[in-house]
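Participant: What follows is a protein structure lacking sequence information:
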Ligand code: NIG
Ligand code: FE
């Protein structure tokens, strides 16, 4: 057995012997942590922790002295599209000149642009490029990530993307969950008959995805100009036959009904949420669905900001994720998302930490395994550089506060 002992930890954050599945409302302001602590890791899991005066004597342990440093659960990024063929900075220039996300999409840009390049992309370079992105987000402290398909939009190419994600799961030390997002955009060939594309997703793609066990979840971009509530309903009904739980792109561009549709189908999460009012909040309160906000996309596209404060103040939990993708959020840096959550969405530092750890784990169905420093959970942890306080994490935006990352009990 491999044993790792971290001692003299200035603050061990999110540490409790039992941890709730998610943290909601006012509770998000409080973080249980221990000052001047030790932490014991055995093989891949957290074994125990306590305060320094009671440190146990452990033989044959590798030891890390964390004087001045904090230890936290590694970030759980519950929404990305990080398998993609090329960057899209040309569109970005169009955007700066004043074209909207929807106008760019209508001209065959946006998601369809990535889909065109994806048809040609070879599996090996998609894998290598995505692996490089995984290395990069690990440096910024991410330990678990969800990755979606959705730049294929043909059966063959959707499967190609999902196979790349399957290989990433095997070869990367990160904990990865995969989501089938065949209903990401209507391909040009189906423009005059979008329902035909929905038929293809249901009758051809879903059975293949299920047969090869390529996805943990299903997603639909349920929003104005993309997929309607009726189309989303049909896809989610079909996905339920294969026991694929939904995670929905909802209410980014309008009060689309996406949030309520996701909840109706017992979605694990509804994501984006720029258009969230009292009705949507009430529906969320009556559900187990996690609201997920993607500050990077709202920042990059100059959208209005989702009402994070209203959501939390209503007593709901909240998750923040990167949406890492080439069109609307070309960064997987969770520390930047934490700063945005705090600065743009008025979330308190403690709220941003819960929103990127335990609540992010919940949004991937990983809350029993990750997201807090709890004995028995997988040892995916951040050791920070020497920093003065937890508040310093959102405050010092732009700086990488991570010194070391531990994944599955091993220093990376
Ligand atoms: O989450 N909103 C829909 N899909 C992605 C955008 C992907 C793209 O533009 O390539 C998103 O922002
Ligand atoms: Fe997205």
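Facilitator: Nice, I can see it. What you see is a predicted model; the values in this text were computed from it and never measured. Ligands and ions are numbered 1, 2, ... in the order given.

Participant: near ligand 1, which residues of the stretch 151-300 of the chain?
Facilitator: Taking C-beta under 6 Å from any ligand atom as the criterion, the stretch 151-300 of the chain approaches ligand 1 at residues 221, 249, 252, 297. For glycine as for every other residue, the C-beta is placed from the backbone atoms N, C-alpha and C.

Participant: Just the ones of those in strands?
Facilitator: 221, 249 (DSSP state E).

Participant: The residue nearest to residue 238 when sequence neighbours are not counted - how many residues pack around it?
Facilitator: Closest residue in space to residue 238, ignoring its immediate chain neighbours: residue 202 at 4.4 Å, by C-beta to C-beta, 6 or more residues apart in numbering. Applying other C-beta atoms under 10 Å, we find 19 other residues in the vicinity of residue 202.

Participant: circling back to that earlier point, now the residues of the stretch 151-300 of the chain next to ligand 1 in CSV, please, with extra columns for neighbour count.
Facilitator: Output for those, formatted as CSV (neighbours: other C-beta atoms under 10 Å):
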residue, neighbour count
221, 24
249, 31
252, 26
297, 24
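
Participant: Next up, the contacts around whichever residue of the chain sits closest to ligand 1.
Facilitator: With C-beta to the nearest ligand atom, the shortest gap between the chain and ligand 1 falls at residue 327, namely 2.3 Å. Listed by C-beta atoms under 8 Å, 6 or more residues apart in numbering, the contact partners of residue 327 are 88, 91, 110, 111, 113, 114.

Participant: Leaving out the residues flanking it, which one is nearest to the fourth one?
Facilitator: Counting by C-beta to C-beta, 6+ apart, residue 185 is the residue found nearest to residue 111 once chain neighbours are left out, at 4.0 Å.

Participant: do the third one as well
Facilitator: Ranked by C-beta to C-beta, 6+ apart and with sequence neighbours excluded, the top spatial neighbour of residue 110 is residue 104, at 5.0 Å.

Participant: Double-check that that neighbour belongs to a strand.
Facilitator: No. Under DSSP: H, G, I helix; E, B strand; the rest coil, residue 104 falls outside any strand and is assigned helix.

Participant: Residue 40 pairs with what?
Facilitator: Under the criterion DSSP bridges, residue 40 forms beta bridges with residue 5, residue 48.

Participant: What's opposite residue 145 in the beta bridge?
Facilitator: Beta-bridge partners recorded for residue 145 (DSSP bridges): residue 77, residue 176.

Participant: same check, this time on residue 272
Facilitator: residue 250.

Participant: For it, give me its contacts.
Facilitator: Going by C-beta under 8 Å, 6+ apart, residue 272 touches 223, 249, 250, 251, 252, 292, 293, 294, 297, 306.

Participant: How about residue 117?
Facilitator: Counting by C-beta under 8 Å, 6+ apart, residue 117 makes contact with 85, 86.

Participant: now residue 133, what's its secondary structure?
Facilitator: helix.

Participant: just checking, residue 303 touches residue 295?
Facilitator: No. The pair residue 303 and residue 295 does not pass the contact test of C-beta atoms under 8 Å, sitting 10.0 Å apart.

Participant: And these two? Which one has more around it.
Facilitator: Comparing residue 303 with residue 295 by other C-beta under 10 Å, the one with more neighbours is residue 295, at 27 against 18.

Participant: Read off the pLDDT value for the more buried one.
Facilitator: We have a pLDDT of 98 for residue 295.

Participant: The one 5 residues further on now?
Facilitator: At residue 300, the model reports a pLDDT of 93.

Participant: Equivalent analysis for residue 104, please.
Facilitator: At residue 104, pLDDT is 83.

Participant: Just give me the neighbour total for it.
Facilitator: What residue 104 shows, counting by other C-beta under 10 Å, is a neighbour count of 21.

Participant: residues touching it, list them.
Facilitator: 91, 94, 95, 110.

Participant: Among those residues, which one sits closest to residue 207?
Facilitator: Using C-beta to C-beta, residue 110 comes nearest to residue 207 of the contacts of residue 104, at 27.9 Å.

Participant: Can you tell me how far the closest one is from residue 162?
Facilitator: Using C-beta to C-beta, to the nearest Å, we find residue 110 at a distance of 21 Å from residue 162.

Participant: Neighbour count: these two, which is higher?
Facilitator: Neighbours per residue (other C-beta under 10 Å) separate residue 110 from residue 162, with residue 162 holding more: 27 against 21.

Participant: got the contact list for the spatially most central residue of the chain?
Facilitator: Nearest to the geometric centre of the chain sits residue 78, at 1.8 Å (C-alpha atoms, centre = their mean). Counting by C-beta under 8 Å, 6+ apart, residue 78 touches 145-146, 247, 269, 271, 290, 292, 319, 321, 360-361, 363-364.

Participant: Same check on residue 83?
Facilitator: Contact criterion C-beta under 8 Å, 6+ apart gives 126, 129, 130, 147, 149, 151, 161, 164, 165, 168 as the residues in contact with residue 83.

Participant: Next, format those as a markdown table and append neighbour count.
Facilitator: Shown next, in a markdown table, are the contacts of residue 83 (neighbours: other C-beta under 10 Å):
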| residue | neighbour count |
| --- | --- |
| 126 | 22 |
| 129 | 17 |
| 130 | 21 |
| 147 | 26 |
| 149 | 29 |
| 151 | 30 |
| 161 | 30 |
| 164 | 24 |
| 165 | 25 |
| 168 | 22 |
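
Participant: any chance of those in CSV, with distance to residue 406 and secondary structure too?
Facilitator: Formatted as CSV, these follow (distance: C-beta to C-beta, whole Å; DSSP: H, G, I helix; E, B strand; the rest coil):
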residue, distance to residue 406, secondary structure
126, 28, helix
129, 25, helix
130, 22, helix
147, 22, strand
149, 30, coil
151, 32, coil
161, 29, helix
164, 26, helix
165, 24, helix
168, 20, helix
